[in-house]
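Take this sequence and fold it.
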Amino acid sequence: MYEPLTESELDHRAAKRALAFQSGWTLDPSIFGDYPEEIKEYLGSALPSFSLDEKNYMKNSIDFIGINHYSTTYAKDCTNSSCGATENRAIQGFVGTVGERDGVLIGEITAMGGSYVVPRGMQEIVNHIKIRYHNKPMFITENGYSSPDVREQRVIELMNDVKRVEFHARYLAHLAKSIRGGADVRGYFIWSLMDCYQWNLGYNVRFGLYYVDRQTLTRIPKLSARWYKNFLTNKSERVYK
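Now for the predicted structure:
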């Protein structure tokens, strides 16, 4: 999810544009049959065009929307503002993203670079998808947490993953607010069942509800696994906001 870095009109437009370039690029053609207007405005003729038959073929060609959501960042405009070379790019909609405003982080840092704990973002992204795509059924296909100091933690600390429990409880609380507000969310999936291989980060970060010993491949349920089981069976006692 993206929030404007400042209250300026340019940054508000940048946050809206960031969403269009991040998710609208693929969802709009699949549901409306064409690219978002925000993308057309900035990329123009560089975008391929669709014939009328192609547009009609693509419209409402998906049954549900899968949302991978972990974090929220601030979006800043790069069309009339100073941005770095890696930010001021057409493929990103000329939007820069930062995790800090006036010296204050948007949320607690995680092991993933540029990813922060911002529970309200879950509610914001679901509500955005709900409105933009006429409340098409949604599944939260990924949502997870990895501690930034995981490599320095001992096994006992990794097993007692209180921060992961707090992360999911708080994100689920905001998801519940969206559902109570009418969002058609059909399911929620935690990333991940067990500690696994995280692409270019390899085994250096752990998202799992189950601890995996890299040498023996033994799998042991963490505190979060027990908490999630209790949550699913309505036995959780503590409520997070």
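
Could you pull up the residues touching the most centrally placed residue in the chain?
In the chain, the centroid-proximal residue (Cα atoms, centre = their mean) is H69; its distance is 2.1 Å. Shown in contact with H69 (Cβ atoms under 8 Å, 6 or more residues apart in numbering): 1, 121-122, 125, 140, 142-143. All C-beta atoms are positioned from the backbone trio N, CA, C, and that covers glycine.

for S178, same thing?
Contacts of S178 by Cβ under 8 Å, 6+ apart are 122-123, 126-127, 130, 185.

mind listing what's buried in the helix or strand bottoming out on mean pLDDT in the chain?
Among the helical and strand segments of the chain, the one scoring lowest on mean pLDDT, DSSP states H and E is helix 155-159, with a mean of 89. Residues of helix 155-159 classed as buried by neighbour count (16 or more other Cβ atoms under 10 Å): 158-159.

and if you look at stretch 25-40?
By neighbour count on 16+ other Cβ under 10 Å, the buried set for stretch 25-40 is 25, 27-29, 31-36, 38-39.

In helices, which of the residues you listed fall?
Of the buried residues of stretch 25-40, the ones assigned to helices by DSSP state H are 25, 27-29, 31-32, 38-39.

could those go into TSV alongside pLDDT and distance to F231?
As requested, those are exported to TSV (pLDDT from 0 to 100; distance: Cβ to Cβ, whole Å):
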residue	pLDDT	distance to F231
W25	95	34
L27	98	29
D28	98	34
P29	97	37
I31	98	32
F32	98	36
E38	92	38
I39	94	39
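
In a markdown table: these, plus distance to D213.
Listed next are these as a markdown table, based on distance: Cβ to Cβ, whole Å:
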| residue | distance to D213 |
| --- | --- |
| W25 | 40 |
| L27 | 40 |
| D28 | 45 |
| P29 | 45 |
| I31 | 44 |
| F32 | 48 |
| E38 | 47 |
| I39 | 46 |
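
from those, which is closest to K16?
Taking Cβ to Cβ as the measure, K16 lies nearest E38 of these, at 6.5 Å.

Which parts of this protein are helices?
The residue ranges that make up the helices of the chain, judged by DSSP H, are 9-19, 25-32, 37-43, 52-58, 120-132, 155-159, 162-180, 223-232.

Tell me which of the ones you listed sits nearest to C83.
Set against C83 and scored by Cβ to Cβ, the helices of the chain come closest in helix 9-19, at 10.0 Å.

In the closest one, which residues are buried?
11-19.

go on, stretch 213-232?
Going by neighbour count (16+ other Cβ under 10 Å), the buried part of stretch 213-232 is 221-222, 224-225, 227-228.

Kindly report the same for stretch 186-203.
Within stretch 186-203, judged by 16+ other Cβ under 10 Å, the buried ones are 188, 190-192, 194-195, 198.

Most neighbours among the contacts of H69, please name it.
Per-residue neighbour counts (other Cβ atoms under 10 Å) across those peak at M122, which has 27 neighbours.

That residue contacts L175, correct?
Yes - counting by Cβ atoms under 8 Å, L175 is a contact partner of M122 at 5.1 Å.
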